[in-house]
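Trainee: predicted structure and sequence below. I'll ask about it afterward.
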Amino acid sequence: MFNLIEAGERNALMVGLREVEFELEDLPAGFDGFRVLFISDLHIDGMDALAAKLVEIIDSADYDICILGGDYTFKYGREEMVDHSNLKMIAKKLAAKSRVLGVLGNHDMYKVAELLDGIGVEMLINENTSIEKDGEKIHIAGIDDSHYYGTDNLSQADAGIDDISFKMMVGHSPERLVGAQGHGYGLYLAGHTHGGQVCLPGGTQIVRGASLPRRFLKGKWKYGKMSGYTSNGAGTSGIAVRFFCKPEIAIITLRRKA
Ligand SMILES: [Fe+2]
């Protein structure tokens, strides 16, 4: 007999690597072809079998830097009950391969930031950093969770970045796109929505998960001059199932717009 939950659990484990490309104005020439491995919404303690799938993808992926989009845990607000063993294993693997930056999501306690920081993940909690390549530089700012905790501070995250450099925003939710565009960001990477997680055939979201029009809730989008990407996420929340919405890790290739 067909079991809907089991089918949804199988779908939730079908994580794929999605290649995405952005043509970006003002991107320094040295960063043309720069590849960002973007992993959001791991919720890794929610499905034991997910870790092995992710390791397979990470091992074979070719990229320059990894960015983690938050929501590392499944058991919302119960830090003492969370088994972090798979998160630690994956973070160590990523940190051995490249520089890793991360932000916090609405499922994350502050202790997760300490744990990841101890492994070598540079947590951007309303702060920024830069990447240098061939004598050129881009800036990456990360905001704290804007969806549930409301502890994001864009002005603080932006502090000290000069006005002429290319800069990228990482926020767990895409809900700060208006502010990021206003601050002159060229690219905004987000997760949080899981692309709907349980969708109608064709991928239409039933639950939006963020106070934004649907065009900002999955995949590539544009807001004014700023480009954006909202990941479907790697894991699940609530119930560990997916329908018509594939879990993903994205490789985002930056291209300089001619
Ligand atoms: Fe999530």
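Mentor: In hand now; what should we look at?

Trainee: look up how far D45 lies from I58.
Mentor: Using CB to CB, to the nearest Å, I58 is found at 18 Å from D45. Where you see a C-beta, it was placed from the backbone N, CA and C, and this is true even at glycine.

Trainee: before we move on, what about M14?
Mentor: 19 Å.

Trainee: list the contacts of the residue in the stretch 51-200 of the chain positioned nearest to the ion.
Mentor: Of all residues in the stretch 51-200 of the chain, D71 sits closest to the ion, at 3.5 Å by CB to the ion. By CB atoms under 8 Å, 6 or more residues apart in numbering, D71 lies in contact with 40-43, 105-108, 172, 191-192, 233, 235, 237.

Trainee: let me see the contact set for the residue nearest to the spatial centre of the chain.
Mentor: Centroid-nearest residue in the chain: G69, 2.9 Å away (criterion: CA atoms, centre = their mean). Residues in contact with G69 (CB under 8 Å, 6+ apart) are 38-41, 102-103, 105, 170, 172, 189-192, 231, 233.

Trainee: taking those one by one, which sit in strands?
Mentor: Filtering these for membership in strands, criterion DSSP state E, returns 38-39, 102, 170, 189-190.

Trainee: tabulate those residues (CSV), appending distance to E80 and pLDDT.
Mentor: Listed next are those as CSV, based on distance: CB to CB, whole Å; pLDDT from 0 to 100:
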residue, distance to E80, pLDDT
F38, 30, 98
I39, 25, 98
G102, 22, 98
V170, 28, 98
L189, 31, 98
A190, 29, 98
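
Trainee: tell me where the stretch 101-250 of the chain has helices.
Mentor: 110-119, 154-158, 177-182 (DSSP state H, counting those that start in this stretch).

Trainee: in JSON lines: these, plus mean pLDDT, distance to A250 and mean neighbour count.
Mentor: Output for the helices of the stretch 101-250 of the chain, formatted as JSON lines (pLDDT from 0 to 100; distance: least, CB to CB, whole Å; neighbours: other CB atoms under 10 Å):
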{"stretch": "helix 110-119", "mean pLDDT": "95", "distance to A250": "19", "mean neighbour count": "16"}
{"stretch": "helix 154-158", "mean pLDDT": "96", "distance to A250": "22", "mean neighbour count": "18"}
{"stretch": "helix 177-182", "mean pLDDT": "97", "distance to A250": "18", "mean neighbour count": "19"}
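
Trainee: redo the ones you listed as TSV? Include distance to the ion.
Mentor: Below are these laid out as TSV (distance: least, CB to the ion, whole Å):
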stretch	distance to the ion
helix 110-119	13
helix 154-158	20
helix 177-182	18
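
Trainee: closest to K137 out of these?
Mentor: Among the helices of the stretch 101-250 of the chain, the nearest to K137 by CB to CB is helix 154-158 (15.4 Å).

Trainee: ok, M14 and D45, which is more surrounded?
Mentor: Per other CB atoms under 10 Å, whichever of M14 and D45 has more neighbours is D45, with 20 against 11.

Trainee: thought the more buried one was touching K88?
Mentor: No - contact criterion CB atoms under 8 Å: D45 and K88 do not qualify, at 11.2 Å.

Trainee: that older thread, check which helix or strand the residue of the stretch 51-200 of the chain closest to the ion maps to.
Mentor: Per DSSP states H and E, D71 falls between elements, in no helix or strand.

Trainee: got the phi and psi for K75?
Mentor: With angles defined as degrees, to the nearest 10, K75 sits at phi -80, psi 90.
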